[in-house]
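Visitor: Structure for the following, please:
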Amino acid sequence: MSWRLARSDFVRQRGEMNKKALKGLVDSGQVPGILAYAEGQPIGWCAVAPREAFLRLERSRILSRVDDKPVWSIVCFFVAKAFRGKGLSVRLLEAAVNYVRGQGGKIVEGYPVEPNKDWRPPDPFVYTGVASAFRKAGFMEIIRRSKTRPIMRYEP
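Guide: Purely as a prediction, here's the structure:
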């Protein structure tokens, strides 16, 4: 829910209230993301929706709109520890692109981090994904307003 709310609202309704808000989205019929399963157990998550659903993107200086094209945004991942480093993020990205196409969307945007030889963030800081996974899924960097944060797009 953090990307869908103003930061102050997310902090104010921390915990149970944010869980209820997410459940409310699901109960209303909205699809907040893509899930990955292994042997019937959820092992991964990718949040995807039209960019307008993510208030924090609209307020971000670094991640502000590149142009006025309608885009869907991928803002968050979770991969269970036992499945990290095995390409699951790439598969989630591919599934997200297919989902967006099925909804009539054409452009999918992501906001990953780009580790480098001087900076390797801990796992909790790469919740927006890593640029290498986006590249493997066919995304291209379109702009970079920060050394470690490209904006990447998948366009047919």
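Visitor: Show me what whichever strand or helix holds Phe77 is packed up against.
Guide: If you go by DSSP states H and E, Phe77 is part of strand 71-79. Applying 3 or more C-beta pairs under 8 Å, 6 or more residues apart in numbering; DSSP states H and E, one finds that strand 71-79 contacts strand 41-50, helix 88-102, strand 107-110. C-betas here are computed from N, CA, C, even on glycine.
Visitor: Mean confidence (pLDDT) on that strand, please.
Guide: Per-residue pLDDT over strand 71-79 has a mean of 94.
Visitor: Taking strand 41-50 as reference, get the angle to that strand.
Guide: Orientation of strand 71-79 against strand 41-50 (axes from the mean of the first three to the mean of the last three C-alpha atoms, to 10 degrees) gives an angle of 160 degrees.
Visitor: before we move on, back to that, nearest to Val71, out of the helices and strands packed on strand 71-79?
Guide: The closest of the helices and strands packed on strand 71-79 to Val71 is strand 107-110. By C-beta to C-beta, the value is 4.5 Å.
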